[in-house]
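Engineer: quick one, structure for this:
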Amino acid sequence: MDSVTESLRELHARIGALSGGEVASYIPKLAQADPDDFGIALTSMAGRRYQAGKSDTLFTIQSVSKPFVYALALSDLGPEEMLRRVGAEPSGEAFNAISLEPGTGRPANPMVNAGAVATTALVKAADPAARSARILDRLSAFAGRRLDYDEEVYASEAASGDRNRALAYLMRSAGSLEDDPYSVTDTYFRQCSVRVTAADLAVMAATLATGGRNPVTGERVVAQDVAVRTLAIMATCGMYDGAGQWLLNVGLPAKSGVAGGLIAVSPGRFGVALYSPPLDAEGNSVRGVAALTEMSERFALHLMQVPVHLTATVTDTVDAARSSRARDPERAAALDRDPRRIVVVGAQGDLEFTETEQLLNAVEEAVPAEPGGLVLDLTAVTVITAGPATMLSATLADLERQGHRVAVAVQEPFLAQADGHPGAWLRTRDDAVAWCEEQFLADTDTDGPADA
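Structural biologist: Numbers count the residues shown, from 1 in each chain. The predicted model follows:
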């Protein structure tokens, strides 16, 4: 198991024990959800996918669709016209509040229901059926696979959606909605009833993280400037009346849905999604909020963190290393005969999530298929945050279980933190390679005079 998946599973096991919250019931079909369902999925910028729990369980996207439909409407209209029709200010109110600008009837932002209905109406199409088709196509492009509808949830939403219809009629009377309110809300109900999994949503979030390019399919879904503006709206308005506290504590653009879905985007790093139906008072997944709060802390993901230095993380890879240690002829010959290789992977800079993922993938590609030696040269690494340290430790432990001899070369301050971590921790690359050689020699029970 890779270290990212192991970390997600560990987090899933702990957060899954949380109780509290209520499954949404104002849409009758949603009340049938299993409150114990809980899944986590993460997709990196490189298109690698990691999952834990019920990340392949289907549920309806609900309000998590809002940023993606906003991106579609923004692509159609451009930023100036979009802002003229739908505002961009946090409302500080619940998701279904009447948040209309006095005089114009313009909705406060596209993340509350009034703004989302207005945004849906702005997607260019010849008729409602064509508009629904365009929305489904675009959501599918974000997810990297063809999505479909949950017809039962759609019927349940349509039967219980009087408040959203009332918002639409109110905007129509104020002049901010031009289309027929009934047909627009019907399209909105269809949009919310699209079926997804947490794994789908992680790819969708990662597409925004990469500036609008789906990292799994490679398709350019929206332009980079559209992705940037969408993330800005998510950061300030995505968590409704809890958006300010969310940005303060977690510091990631996010969007929740009443079916229990929750996405967050770490720009330039990854997209993450969670599914757990019980909701808090603001309408956000209880377990989802807890898990993302911890992930932000462990992996230093807050947007206001000091920026990552944009240097190459992996500096070099050596396929068959030997130390400079002087050895007697018998021991030198024994090492020459030994078929086991010592691989060295070097890294530099700050190890946060993306950098650590790159390093561990380099290790995976370089490590010998048969048990041998691995030296991780971190002597040029200056920072290792808590989450990446756990990832590194899990990878080294797994390599040791496979029979590899593992050594880590680090700067002096990190040596004090070596206790409890797998492998031998040493001051230099050469010392680490020499340590692996000593293990090989000990395995062969080579006798002879001491090395010089």
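Engineer: restricting to C-alpha, output stretch 278-288 in CSV.
Structural biologist: Output in CSV follows, covering the C-alpha atoms of stretch 278-288 (Å, rounded to 0.1, in the frame of the first residue of the first chain):
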residue,chain,number,x,y,z
PRO,A,278,-24.7,13.5,8.6
LEU,A,279,-24.6,17.3,8.4
ASP,A,280,-23.9,20.1,10.9
ALA,A,281,-26.1,23.1,11.5
GLU,A,282,-24.6,24.9,8.4
GLY,A,283,-25.4,22.0,6.1
ASN,A,284,-21.8,20.7,5.9
SER,A,285,-20.7,17.1,6.4
VAL,A,286,-19.6,16.6,10.0
ARG,A,287,-16.9,14.0,9.3
GLY,A,288,-15.9,15.8,6.1
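Engineer: any weak-confidence spans in the stretch 201-350 of the chain?
Structural biologist: For the stretch 201-350 of the chain, applying pLDDT under 70 flags the ranges 306-310.
Engineer: can you give me the strands in it?
Structural biologist: 254-256, 261-266, 270-275, 314-318, 342-351 (DSSP state E, counting those that start in this stretch).
Engineer: for the shortest one, packing partners?
Structural biologist: Contacting strand 254-256 under the criterion 3 or more Cβ pairs under 8 Å, 6 or more residues apart in numbering; DSSP states H and E are the following elements: helix 224-237, strand 261-266. Bear in mind the C-beta positions are built from the backbone N, C-alpha and C, glycine included.
Engineer: pick the most deeply packed of those.
Structural biologist: Ranked by mean neighbour count, those are led by strand 261-266 with a mean of 29 (mean count of other Cβ atoms under 10 Å).
Engineer: so what touches it?
Structural biologist: Contact partners of strand 261-266, identified using Cβ atoms under 8 Å, 6 or more residues apart in numbering, comprise 59, 61-62, 64, 196, 198, 201-202, 204-206, 208-209, 231, 234, 250, 252-256, 271-276, 284-285, 288-289, 292, 301, 353.
Engineer: so which of the residues you listed sit within helices?
Structural biologist: Using DSSP state H, the members of the contacts of strand 261-266 that fall in helices are 198, 201-202, 204-206, 208-209, 231, 234, 288-289, 292, 353.
Engineer: for the chain, which strand is longest?
Structural biologist: Criterion DSSP state E: the longest strand present in the chain is strand 373-384.
Engineer: report the buried residues of stretch 67-79.
Structural biologist: By 16 or more other Cβ atoms under 10 Å, the buried positions in stretch 67-79 come out as 67-75, 77.
Engineer: may I see the residues you listed arranged in CSV, with secondary structure, pLDDT and distance to residue 153 as well?
Structural biologist: Shown next, in CSV, are the buried residues of stretch 67-79 (DSSP: H, G, I helix; E, B strand; the rest coil; pLDDT from 0 to 100; distance: Cβ to Cβ, whole Å):
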residue, secondary structure, pLDDT, distance to residue 153
67, helix, 98, 20
68, helix, 98, 18
69, helix, 98, 17
70, helix, 98, 21
71, helix, 98, 23
72, helix, 98, 21
73, helix, 97, 23
74, helix, 98, 26
75, helix, 97, 27
77, helix, 96, 29
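Engineer: what is the nearest of those residues to residue 383?
Structural biologist: Nearest to residue 383 out of the buried residues of stretch 67-79 is residue 67 (Cβ to Cβ; 31.7 Å).
Engineer: tell me which residues touch the closest one, please.
Structural biologist: Applying Cβ under 8 Å, 6+ apart, the residues near residue 67 are 110-111, 208, 230, 233-234, 238, 255.
Engineer: would you check how far apart it and residue 360 are?
Structural biologist: According to Cβ to Cβ, to the nearest Å, residue 67 and residue 360 sit 30 Å apart.
Engineer: domains of the chain?
Structural biologist: The record's domain split for the chain, according to automatic domain parsing, is 3-298, 314-444.
Engineer: need these in a markdown table with distance to residue 305, can you?
Structural biologist: Converted to a markdown table, the domains of the chain look like this (distance: least, Cβ to Cβ, whole Å):
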| stretch | distance to residue 305 |
| --- | --- |
| domain 3-298 | 8 |
| domain 314-444 | 8 |
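Engineer: from these, which stretch is densest packed?
Structural biologist: Counting by mean count of other Cβ under 10 Å, the most buried of those turns out to be domain 3-298, with a mean of 21.
Engineer: run the chain-centre distance for that one.
Structural biologist: Distance, stretch centre to chain centre, for domain 3-298: 14 Å (Cα atoms, centre = their mean, to the nearest Å).
Engineer: quick one: end-to-end distance for that domain.
Structural biologist: End-to-end distance for domain 3-298, by Cα to Cα, to the nearest Å: 14 Å.
Engineer: sweet, I'm off.
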